[in-house]
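>>> Structure for the following, please:
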Amino acid sequence: MPPWVFVAPWYPHAVRIVAMADTHGYHDRLVVPDGDLLVHAGDITQRGSLDELAEFNDFLSRLPHRHKLVIAGNHDFCFQHQPEAARELLTAATYLQDEAREVAQDLTTGLARKAYRL
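A predicted model of the protein is given here:
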């Protein structure tokens, strides 16, 4: 794993949140650590096109994270100019815009159930 990727030790009762942002179309070059929840906090694309968003959605669909949340950034123009089309393309994650969602997660032991409001 590259030296700039920090992976915390695994604790059996911990929930692992993987946060990323500002990938600008280079998401396929990343080594994304495994986790329970993946959050992409904006700037998915370089030019804000639906084609770039479709590529990103394909990338997300190959990741093992059980829950995936996406928030658009200032470079993700398709969410501004074609919001319905952009939301329809993003099938591999939950898109958040001015809202919160509750994400329930069974922990590895199966003994506990947690809810996270993001």
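
>>> where along this protein do the helices fall?
50-61, 78-81, 83-89 (DSSP state H).

>>> so what's the backbone phi/psi at Val32?
phi -100, psi 120 (degrees, to the nearest 10).

>>> Pull the number of nearby residues for it.
Neighbours of Val32 under the rule other CB atoms under 10 Å: 16. Heads up, the C-betas are built off the backbone N, CA and C, glycines and all.

>>> Same check on Asp34?
Asp34 has 12 nearby residues by other CB under 10 Å.

>>> hang on, the earlier thing: of all the helices of the chain, which lies closest to Lys68?
Proximity to Lys68 (CB to CB) singles out helix 50-61 among the helices of the chain, at 5.7 Å.

>>> got a list of contacts for the closest one?
Identification of contacts with helix 50-61 by CB atoms under 8 Å, 6 or more residues apart in numbering yields 23, 25, 27-28, 38, 40, 44-46, 68, 70, 76, 78, 82, 85-86, 89-93.

>>> returning to what we had before: to Ile17, which of the helices of the chain lies closest?
Per CB to CB, nearest to Ile17 of those: helix 50-61, 15.6 Å.

>>> Go through the closest one and flag the buried ones.
Going by neighbour count (16 or more other CB atoms under 10 Å), the buried part of helix 50-61 is Leu50, Glu52, Leu53, Glu55, Phe56, Asn57, Phe59, Leu60.

>>> mean confidence score for stretch 58-65?
Over the span of stretch 58-65, the pLDDT mean works out to 96.

>>> Do me a favour and get the end-to-end distance for that stretch?
14 Å (CA to CA, to the nearest Å).

>>> again with stretch 91-100
One end of stretch 91-100 sits 18 Å from the other (CA to CA).

>>> Kindly report the same for stretch 15-34.
Using CA to CA, the end-to-end distance of stretch 15-34 comes to 11 Å.

>>> buried sites along that stretch?
Neighbour counts using 16+ other CB under 10 Å place Val15, Arg16, Ile17, Val18, Met20, Thr23, Gly25, His27, Val32 of stretch 15-34 among the buried residues.

>>> Dump the residues you listed into JSON lines; add pLDDT and distance to Val103 as well.
Formatted as JSON lines, the buried residues of stretch 15-34 follow (pLDDT from 0 to 100; distance: CB to CB, whole Å):
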{"residue": "Val15", "pLDDT": "78", "distance to Val103": "10"}
{"residue": "Arg16", "pLDDT": "83", "distance to Val103": "13"}
{"residue": "Ile17", "pLDDT": "87", "distance to Val103": "10"}
{"residue": "Val18", "pLDDT": "91", "distance to Val103": "13"}
{"residue": "Met20", "pLDDT": "94", "distance to Val103": "17"}
{"residue": "Thr23", "pLDDT": "94", "distance to Val103": "21"}
{"residue": "Gly25", "pLDDT": "92", "distance to Val103": "26"}
{"residue": "His27", "pLDDT": "91", "distance to Val103": "21"}
{"residue": "Val32", "pLDDT": "92", "distance to Val103": "18"}
